[in-house]
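Q: I'd like to go over a predicted model; first the sequence, then the structure.
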Amino acid sequence: MKKLTAIFLFIIITTFAKNVVYAVEYTDEQIRTEIEKQVIQQNKKYTDAEVKVIIASMPFKKMYISDGNIKFVVKSNFDKFVPRDIKKIYIYSNGKLEKQFIVSVRTLAYKEVLCANRQIDRDEILSLNNLTPKRMEVSSNIDYVLTKNMLDSKEMISRKWFREGEIIDRRFVGMKPDVKSYSTVKAFFKSGNIFISTDGVVLSDGMIGDYVDVRNNTYKKTYRGKVIGENKVLINM
C-alpha cells in the first residue's frame, strides 16, 4: 500500500512539475535598456544623427515574466522622429502577451551642423568664413539644420540676423539668386534665328528657370524673360 501511494505521489508531482511555469525577474534598468535599444534602432530610419534616449521614471522597480522566449516591442503614435513621445511597451513570453505599460521618452539627436562663428547679417552670403561645423544637439529642429554638404552644393544667403554661436536654421536661409532684384543683367532678345543682347535691369530675384521682368532703359520698355544663367535672361520676341 505504501509503495502504491508513493507511485501515485510521484506521478502527481511529476505531472505538476511539467505544468509549472517559472517566472524570471526583470529590473527596471534591464527593461529600460531594452527600450532604449529599440528606440535608437527605430530612429535610424528617420535620421543619420547620433541618438541618445532618456526614459522618465519607470512604473515599477522590478517585474516577473514567465520564463521562455522573451520579446520586447516598443510602439509609438508617430512614424517620424519626435523629441518627446509616450511609448507603448509590450512584453511577450513564447508569443503570449505578459505585460504592457507606457513610458515617457525624450530622444536627443546629435549631429555636425553649421553654426555662426560671428554675427551674420541679413542677405549675407553664407560660407565657411562665417560658419563653423559643430557637433550639436538638434532634436528640436532636426529637419531644418544646415550641414556642410548642403552648403557645398549651392551658394546660400542669410534671410535673417544670426547671433554668434547660433545653429543655422534652413527656414531662414535662401539660395543666392542667379539674378538679383534691381541689378543689371544681360538680356538676350530672340526672334527666330536672330539674337540681340543688351543690358537691362531685372525687377525681382530669380533662379535659373524662373520668369522675371526686365526693364530695358534703351527702349523704355519692360519685357518678360526666362533666367538662363547668372545675370542672364532670355526674352522671346
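A: Yep, that arrived.

Q: Summarise which helices and strands the helix or strand where residue 41 lies is packed against.
A: Using DSSP states H and E, residue 41 maps to helix 28-43. When contacts are defined as 3 or more CB pairs under 8 Å, 6 or more residues apart in numbering; DSSP states H and E, helix 28-43 packs onto strand 50-55, strand 70-75, strand 84-93, strand 96-116. For glycine as for every other residue, the C-beta is placed from the backbone atoms N, C-alpha and C.

Q: Could you dump the ones you listed into CSV with mean neighbour count, distance to residue 152 and mean pLDDT added?
A: CSV is the format used below for the helices and strands packed on helix 28-43 (neighbours: other CB atoms under 10 Å; distance: least, CB to CB, whole Å; pLDDT from 0 to 100):
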stretch, mean neighbour count, distance to residue 152, mean pLDDT
strand 50-55, 16, 22, 96
strand 70-75, 15, 37, 95
strand 84-93, 16, 33, 96
strand 96-116, 17, 11, 96
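
Q: Among the ones you listed, which comes closest to residue 216?
A: Among the helices and strands packed on helix 28-43, the nearest to residue 216 by CB to CB is strand 96-116 (40.2 Å).

Q: quick one, the closest one and strand 84-93 angle?
A: Strand 96-116 and strand 84-93 meet at an angle of 150 degrees, taking axes from the mean of the first three to the mean of the last three CA atoms, to 10 degrees as the criterion.

Q: Quick check: next helix or strand after strand 96-116?
A: Heading C-terminal from strand 96-116, the first helix or strand you meet, by DSSP H and E, is strand 125-126.

Q: returning to that earlier point: can you redo the helices and strands packed on helix 28-43 as JSON lines with distance to residue 124?
A: As requested, the helices and strands packed on helix 28-43 are exported to JSON lines (distance: least, CB to CB, whole Å):
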{"stretch": "strand 50-55", "distance to residue 124": "30"}
{"stretch": "strand 70-75", "distance to residue 124": "45"}
{"stretch": "strand 84-93", "distance to residue 124": "34"}
{"stretch": "strand 96-116", "distance to residue 124": "10"}
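
Q: Of all these, which one is nearest residue 62?
A: Across the helices and strands packed on helix 28-43, closest to residue 62 is strand 96-116 (CB to CB), at 11.7 Å.

Q: tell me which element residue 223 falls in.
A: strand 221-229.

Q: Just the residues contacting that strand, thanks.
A: For strand 221-229, contacts defined as CB atoms under 8 Å, 6 or more residues apart in numbering pick out 178-179, 187-189, 200, 203, 206-216, 233-236.

Q: Centre of the chain to that strand, how far?
A: Taking the mean of its C-alpha atoms, strand 221-229 sits 38 Å from the chain's own mean (CA atoms, centre = their mean, to the nearest Å).

Q: mind listing what's buried in whatever helix or strand comes next after that strand?
A: The C-terminal neighbour of strand 221-229 among helices and strands, as given by DSSP H and E, is strand 232-236. Buried residues in strand 232-236, counted by 16 or more other CB atoms under 10 Å: 232, 233, 234, 235.

Q: could the residues you listed be laid out in TSV, adding distance to residue 225?
A: Output for the buried residues of strand 232-236, formatted as TSV (distance: CB to CB, whole Å):
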residue	distance to residue 225
232	9
233	4
234	6
235	4
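
Q: tell me the least confident of those residues?
A: Minimum pLDDT for those is recorded at residue 235 (87).

Q: ok, now how distant is that one from residue 110?
A: Distance of residue 235 to residue 110, computed by CB to CB, to the nearest Å: 50 Å.
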